[in-house]
Every structure is written in C-alpha cells, then in structure tokens.
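1. predicted model and sequence below, questions to follow.
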There are 2 protein chains.
Amino acid sequence: MQKQNKLKVLTNPRLTEAAAIIEKALAQRRTIIVVGECKVLYSGRAKSTLEPGERILIIKEDGSLLVHRPIGYEPVNWQPSGSVFHVQTKADVVEVHAVRQKPRENVRVLFYEVFMVSALSLNDSGEFSLYASEKEMHRAILRKPSLLEEGFTPISYEKKVEPGFVDVYGVDKDGKLVVVEVKRKTAGKEAVLQLARYIDAIKAKADRELRGVLVAPGLGKDVQRLLVTLGLEFKALDPKKCAKVLKKDQNAKLETFFEEGK
Amino acid sequence: MQKQNKLKVLTNPRLTEAAAIIEKALAQRRTIIVVGECKVLYSGRAKSTLEPGERILIIKEDGSLLVHRPIGYEPVNWQPSGSVFHVQTKADVVEVHAVRQKPRENVRVLFYEVFMVSALSLNDSGEFSLYASEKEMHRAILRKPSLLEEGFTPISYEKKVEPGFVDVYGVDKDGKLVVVEVKRKTAGKEAVLQLARYIDAIKAKADRELRGVLVAPGLGKDVQRLLVTLGLEFKALDPKKCAKVLKKDQNAKLETFFEEGK
DNA sequence: ATATGCATGTCGCAC
DNA sequence: GTGCGACGTGCATAT
C-alpha cells in the first residue's frame, strides 16, 4: 500500500529523530507538521519574539511556513512560499530556520520538545472557485455588457438616485435608458420593489421611457408575476459566470471609465 | 505519562473512527488536525467550492477553522474563532460543518478519506511581542523627543482633530506648534495629504503658526516635491531605532503622562 | 521592478 | 455593536 509513502508520523520522538524526519522531508519537498513546545524569533520588516509554548508548525512543499498557537485564526509567525530552510540540532533544541530573500526576513523556530512530527505527500489538484460578490457582478456587467443583453452600453454604476444606489445604469441598443438591479442570490419581491422605486424616482426627474431589468441567478416563487405587473424585466445571470469574465481582465479601473457626477 | 492526554493520533482510521475522535475533541475543546482527501464548500459573504484533494484541516480550541492546501501561505478556506461545529457521518463521507453567526457563514469540509487525525491539548501561555509598530514609534518619540528634533516637547498624542487623529502634537524649541505624522514604512503621498488635512483643520480652529513634520524611514518617489509644495517637513526615523529606545524603558504607561483633553 | 486596489481580508480600539 | 485604521497584511494586476 502506498499510504506508507504518503504519510509518516512519529509521536513523542527524541529531538534527534524529529530533526532527521524534518530534514529528510524538506529535501523531498514534502509537507511537514510538527507539534511541540517551541520558541519563535522573527526579524525582518519588523521584529518579534514568542516565548516558549506549545504550538503547531507547518512547512509546505512550496517553502511556506506557519506557526499556529492553539488560539486564533491567524498564524502567530509565518514565512511566505519560497523560503529556504535550515535545520540545526543543538544540545536540547532543534532549530528550524526559514529565510526569505526579498525582503530579507528570518523566522527561527526552536523546539524544546516534540509531541508529534509528520511528513506528508499531499496530492491536491482540485479546482478552487470563488463566486462573485454582488459588486463583482456589477463589474462583470460593466466589463462585458452583453452579459445583460446585446447592444447594452453602461453609462454609470452605483449611481445615487435618492432611495439609494442604482447598481448599473445604461442605454440599450435602441437608445432606451436601462436601470439594472443586481442580486447575487435568487431575487425576492424586495428586489423587484427596490427596482420599481428607482424607476419611479428617475421617471419623476427625467420624463423619459425607462426599462428596469432585474439581474439575478434566479427568481423567487411569486416574484415573476409581480415583475410583469410592474412592467419590469428579468435576466438570469450566474455569479460564477461573472467571476469567469472578471478573471480575464480583473482590475479594469472602472472608477475612471465613468465620471461620478452624471 | 500524561503525554497520553496531551496527544491522540490515529493514522489511516476508518471514517467512523475519525468522526468519533473529531466529535470528542470538539466537545473537549481540544485542537484538532485532520489530514485527508476532502471537498470544501463555503457560502457567506461570497461563495466558493473546492473540488476534492488532499489537505490539512485544523480546528482550534476557540472555534476557528483552517483548511490548508499543500501549497500557499494562506488557508484556502477558513472560519474565524467562535464558530460552531457539527459533525455528520454519512455513507462514505464525514462532514465537518462550521457555522459563523455574524455575518452568517458556512464552511463544510467533506472527508472521503482520512490519512491522519489528531486531537491535541496544547498549553501556550508564552508572551508574544512585536517590535517597531507605528504606535511604538509614537511612544518612542514621546519617550525621547529628540528623535524628532532637539528642543521638541510633546503635548499630546493620538489627538482627535476631525479628519482623524494626529499622531503626535507638540511645541518646538521656539514655541511653535508642531504636528507630527508618523509612518512605519516609506511614506507615500497619502501620508503627506493626511498631514496637510490635519494642519488645515487645526489652522481653521486656532489661527496660529504651525509646522507639519512627516516622520518615516523614507519618502516615496515624487513625495518630496509635494511635501515642499505644501510647506511641510520630513524627518527620517527608523522603526528599529524606536524599538531600541523603548527597550530601555519598556512599560512606561504613557496613557497617564498626558491628559486626553488638552 | 514598482504602484495601486481588493480581500470571505482579520484584528484591535474607540465611540 | 459599529466604525475606522493598521497589518511583518498577502495577492493580483497594470504600468
């Protein structure tokens, strides 16, 4: 069974044993987990000391390092990927020294006792997808207006119109004004009523024909009827699709595309 | 030996065994490490999926959760401290579900195979000290005003002046008021403009001659010109030097040195 | 290479 | 609780 290769674990090893495993795993670029009592010294952009206590050290294949205390989401000390490691066994201490080149930074983890050391060969090719937030959906539509419909041209976004902010604002292929309300999740009737309020507010100011389009991955149960009653439209759009659009060209400076005023 | 209590490790356990250990460790508020093949789903402020692969899951005593891939400094998924956990064993899957209340967020980790599971009782009371933060630079200047310039006498610090807080506030050797803005890193133009806003705000209140001094280890590219244009000054100061000054007299409670009001 | 803006940012502190 | 700024922020991208 090749589990043997995947995983090596020692509990309460002698320090010399632990050091040997760590050094070998570093050479083989395996992932390392060490649990034990240690002190940590950092110097670089700033400087820190962490007095002895029991923590978890993780060293990854790519040369990143994490020291985690038993409390708190963030690592207390770390080193980003690409760090270079040295292991030194002194009298009663194993020192793991991680060096980052630019900027020059050092993290030294000194183990006085090791409760567990583990060397792992992890195989992870699973795709990670982060779906868009609502604001990202706005940006995606501005980036690629055809997501809304062919011929749509955005004019402004997050425009103040008194009840609040209109998500996206533009002109369709016939020159008709279009007000767009975006929702990341299935839209309920609040979304429809919100859009209706914007439409009314804008109509009151400029008496011009308007289209209102609700953009969301889906519509709630009785929302369809309400939408039609109010003369509004619906366009299905998946946040995932937006994320994909943005991936191509992520930080277009939309702030400069449209003047805030108009 | 009470190492037994500190540490429990199983390698290649059956899923039901792994689930049992995780549930027990959660109940006892111990730190948990699980290594195995899993899929991860997140939904909350945004939404993400992570297809199956081999990763490290850490759950800490305080209810924080981390999922680490074998590459990368940052966790691919996480949940901050205070999350509530549920473990469910289905047919061929163990699901760890972490819920954060506010904002409402869910992370589900579904294990198809567990290579190692470990429950730990970590004891960590070691003090962590970070040197040379921006606030410590303030304190260093208050401690040793000559770091700014000879004859400088601080009056107040972190004083509210409407756009925000002035870092340090004092009088120079000629009795002229000095407003000091401190940056730990090379100062950009935002720092200069921030200082200028403070100066303007204070001038508006008390029509008295003011000097504005930007303190930082260095100045950004075109910042020098802007500084001069606005009639402000620059004083180079290294955070590390500040740390050294503070080391001499570490726990002076500067809060009591100056009354907040004046 | 540096500069700019975003992040499931997180965290701490003041109001 | 809510808001605001700092962070060894990290990270991705445009210049």
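-> Cool, the structure landed. Quantities reported herein were computed from a predicted structural model and do not represent experimental measurements.
2. what about the residue nearest to residue A:187 when sequence neighbours are not counted, how many neighbours?
-> Using C-beta to C-beta, 6 or more residues apart in numbering or on different chains and skipping the chain neighbours, the partner closest in space to residue A:187 is residue A:216 (3.9 Å). Glycine gets a C-beta too; all of them are placed from N, C-alpha and C. Neighbour count of residue A:216, defined by other C-beta atoms under 10 Å in any protein chain shown: 24.
3. tell me the pLDDT of the spatially closest residue to residue A:230 that is not a sequence neighbour.
-> The shortest distance from residue A:230 to any non-neighbouring residue, by C-beta to C-beta, 6+ apart, is to residue A:196 (5.1 Å). pLDDT for residue A:196: 91.
4. is chain B contacted by whichever strand or helix holds residue A:178?
-> If you go by DSSP states H and E, residue A:178 is part of strand A:177-182. No: if you take C-beta under 8 Å from any C-beta of the partner chain as the test, strand A:177-182 misses chain B, and the best it gets is 14.5 Å.
5. contacting residues around that strand?
-> The contact list for strand A:177-182 (C-beta atoms under 8 Å, 6 or more residues apart in numbering or on different chains) reads A:134, A:137-138, A:141, A:148, A:152, A:166-172, A:191, A:194-195, A:198-199, A:202, A:208-216, A:237.
6. in the stretch 151-262 of chain A, where is pLDDT below threshold?
-> Scanning the stretch 151-262 of chain A for pLDDT under 70 picks out A:158, A:160, A:162-164, A:240, A:244-262.
7. angle of the helix or strand hosting the residue nearest to residue A:230 against strand A:177-182?
-> Using DSSP H and E, residue A:196 sits in helix A:189-205. Angle of helix A:189-205 versus strand A:177-182, following axes from the mean of the first three to the mean of the last three C-alpha atoms, to 10 degrees, is 150 degrees.
8. how about helix A:189-205, which residues are buried there?
-> Within helix A:189-205, the residues that count as buried by 16 or more other C-beta atoms under 10 Å in any protein chain shown are A:189, A:191, A:192, A:194, A:195, A:196, A:198, A:199, A:202.
9. list the contacts for residue A:68?
-> By C-beta under 8 Å, 6+ apart, the neighbours of residue A:68 are A:55, A:56, A:57, A:58, A:75, A:76, B:58, B:60, B:66.
10. so which of those residues are in strands?
-> A:55, A:56, A:57, A:58, B:58, B:66 (DSSP state E).
11. now, among the residues you listed, which is nearest to residue B:87?
-> Among the ones in strands among the contacts of residue A:68, residue B:58 lies closest to residue B:87 (C-beta to C-beta), at 15.1 Å.
12. isn't the closest one right next to residue A:56, touching?
-> Yes: look at residue B:58 against residue A:56 with C-beta atoms under 8 Å: they come within range, at 7.0 Å.
13. residue A:94 bridge partners, please.
-> residue A:89, residue A:111 (DSSP bridges).
14. that one: what's it in contact with?
-> A:15, A:18, A:19, A:22, A:87, A:88, A:110, A:111, A:114.
15. tell me which element the spatially most central residue of chain A is part of?
-> Nearest to the mean C-alpha position of chain A, counting by C-alpha atoms, centre = their mean, stands residue A:130 at 6.8 Å. Using DSSP H and E, residue A:130 sits within strand A:128-131.
16. burial measure for the closest residue to DNA strand C within the stretch 1-150 of chain A, as a count.
-> Nearest residue of the stretch 1-150 of chain A to DNA strand C (C-beta to the nearest atom of the strand) works out as residue A:73 at 3.4 Å. By other C-beta under 10 Å, 18 other residues sit near residue A:73.
17. A helix includes residue A:137, no?
-> Yes: the assignment for residue A:137 by DSSP: H, G, I helix; E, B strand; the rest coil puts it in a helix.
18. quick check: it vs residue A:75, distance?
-> 33 Å (C-beta to C-beta, to the nearest Å).
19. more neighbours: the two, which one.
-> residue A:137 (29 against 20).
20. hang on, the earlier thing: filter the contacts of strand A:177-182 to the buried ones?
-> A:134, A:137-138, A:141, A:148, A:152, A:166-172, A:191, A:194-195, A:198-199, A:202, A:210-216, A:237.
21. so which of these also contact DNA strand C?
-> When C-beta under 7 Å from any atom of the strand is applied, no member of the buried ones among the contacts of strand A:177-182 is adjacent to DNA strand C.
22. break down the stretch 151-262 of chain A into its helices, ranges please.
-> A:189-205, A:223-229, A:239-248, A:254-257 (DSSP state H, counting those that start in this stretch).
23. any chance of those in JSON lines, plus distance to DNA strand D?
-> Output for the helices of the stretch 151-262 of chain A, formatted as JSON lines (distance: least, C-beta to the nearest atom of the strand, whole Å):
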{"stretch": "helix A:189-205", "distance to DNA strand D": "19"}
{"stretch": "helix A:223-229", "distance to DNA strand D": "27"}
{"stretch": "helix A:239-248", "distance to DNA strand D": "7"}
{"stretch": "helix A:254-257", "distance to DNA strand D": "10"}
